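> just the structure for this:
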Amino acid sequence: MSSHRPTMPCDAVIVRQDRPVGAMLLPIVDSESFVEEFNRTYASIGLRISVTGQVFTQREFST
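Model (predicted):
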């Protein structure tokens, strides 16, 4: 089911065995620790998050 967030550029890409498998928006708060925990938790099945660049906040899109 899709989110009710407004459409915006993705913050990161989920990668499996060096191939992108999905885009995602990162949490606005503690996004760095979320990425670290995700990568540590899912490394055993070959998944990791690759951050695309600037992580956008909701505030940046409301102006």
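
> list the buried residues in the longest helix along the chain.
In the chain, with assignment by DSSP state H, the single longest helix is helix 31-42. Residues 31, 35, 38 are the ones in helix 31-42 that count as buried (16 or more other C-beta atoms under 10 Å). Any C-beta I mention is one placed from the backbone N, CA and C, and that applies to glycine too.

> need those in CSV with distance to residue 22, can you?
Shown next, in CSV, are the buried residues of helix 31-42 (distance: C-beta to C-beta, whole Å):
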residue, distance to residue 22
31, 17
35, 14
38, 12
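
> name the weakest-confidence residue in the residues you listed, if you would.
The member of these with the lowest pLDDT is residue 31, at 89.

> give the other helices and strands that the longest helix of the chain contacts.
strand 47-51 (3 or more C-beta pairs under 8 Å, 6 or more residues apart in numbering; DSSP states H and E).

> thinking again about what came up before, from the buried residues of helix 31-42, which is closest to residue 44?
Lowest distance from residue 44 to these (C-beta to C-beta) belongs to residue 38, with 12.2 Å.

> for the spatially closest residue to the closest one that is not a sequence neighbour, give its distance to residue 9.
Sequence neighbours aside, residue 49 is the residue nearest to residue 38 in space, at 5.2 Å (criterion: C-beta to C-beta, 6 or more residues apart in numbering). Per C-beta to C-beta, to the nearest Å, residue 49 is found 15 Å from residue 9.

> just residue 47 next, same as before
Applying C-beta to C-beta to residue 47 and residue 9 gives a distance of 21 Å.
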